[in-house]
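Novice: Everything below, folded, please.
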Amino acid sequence: MNTVSDISAQREHILEVAQTIIGKKGYAAVGLTEILTEAKVPKGSFYYYFKSKDAFGEALLKHYFVGYLAEMDNILSSPGQTNAERLMSYWMHWQNVQESFECQGKCLAVKLGAEVSDLSEAMRLALSSGTAGIISRLAKTIEEGIADRSLAIKNDAQELAHTLYQLWLGASLMAKITRDKAPLKNAMGATKAILNLR
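Specialist: Here you go, the predicted model:
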């Protein structure tokens, strides 16, 4: 008989496999059979781990954002750097991931944002919550950068965090559409100008 920890571990395994596959192909293009086959989980057991495909999609996004926000926290707390440098490290990391054009499940917010927001309210809310977590971390780092004087700006930190996140999200979508790195390079230049960094 499976214990709660066994069930949780198997559920986590399915989500990790799904994140990579869906990160490449999108949500609608991937069937449950493909995910379960790759995860080496019997086809009939999906509903043992998830109540529905909608619940699976919600769990997938929550799982993704837990990992993403943990990685972001590491970047934004890097020792020996000013808060301005930490912010720029975050954007450089974003640029490097997006420029690969093969995110391997590392950019689900970009990949699924437009696709699933109209498909599922639960998934839209998971995206909204996850992106709010990103924006709040950016705002906090901006505030701390103003406090430590590594950022010489007078903008409202929360509004600026929203603007920068939207800039990078849009640039990432354009980079995918055009298969060109220019939108990301433009976003980097605009970010430096907005933050008064050279």
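
Novice: drop to CA atoms for contacts and neighbour counts, all remaining ones
Specialist: OK.

Novice: so what's Leu76 closest to, chain neighbours aside?
Specialist: The shortest distance from Leu76 to any non-neighbouring residue, by CA to CA, 6 or more residues apart in numbering, is to Arg86 (5.1 Å).

Novice: Skip ahead from the strand or helix carrying the one you found and say which helix or strand is next.
Specialist: Following DSSP states H and E, one finds Arg86 within helix 83-99. Moving toward the C-terminus from helix 83-99, the next helix or strand (DSSP H and E) is helix 108-117.

Novice: How about residues contacting that next one?
Specialist: 19, 23, 26-27, 61, 64, 123-124, 127, 131, 169, 172-173 (CA atoms under 8 Å, 6 or more residues apart in numbering).

Novice: hang on, the earlier thing: just the buried residues of the helix holding Arg86, please?
Specialist: Buried residues in helix 83-99, defined by neighbour count with 16 or more other CA atoms under 10 Å: 83-91, 94-95, 97-99.

Novice: buried ones in the worst-scoring helix or strand of the chain on mean pLDDT?
Specialist: The helix or strand of the chain with the poorest confidence is helix 108-117; it has a mean of 83 (mean pLDDT, DSSP states H and E). Buried residues in helix 108-117, counting neighbours by 16+ other CA under 10 Å, are found at 108-113, 116-117.

Novice: Can you name the next helix or strand after it?
Specialist: Downstream of helix 108-117, the next assigned helix or strand under DSSP H and E is helix 121-147.

Novice: Show me what that next one packs onto, helices and strands only.
Specialist: helix 53-76, helix 83-99, helix 108-117, helix 157-178 (3 or more CA pairs under 8 Å, 6 or more residues apart in numbering; DSSP states H and E).

Novice: From the chain's centroid, how far away is it?
Specialist: 11 Å (CA atoms, centre = their mean, to the nearest Å).

Novice: so it versus helix 53-76, what angle?
Specialist: 10 degrees (axes from the mean of the first three to the mean of the last three CA atoms, to 10 degrees).

Novice: buried set for helix 121-147?
Specialist: 122-124, 126-127, 130-131, 133-135, 137-146.

Novice: Nearest residue to Thr37 in space, please, no chain neighbours.
Specialist: Lys43 (7.4 Å).

Novice: no no, Ser150
Specialist: Ala84 (5.5 Å).

Novice: From what I see, that neighbour and Gly145 are in contact.
Specialist: Yes: look at Ala84 against Gly145 with CA atoms under 8 Å: they come within range, at 5.6 Å.
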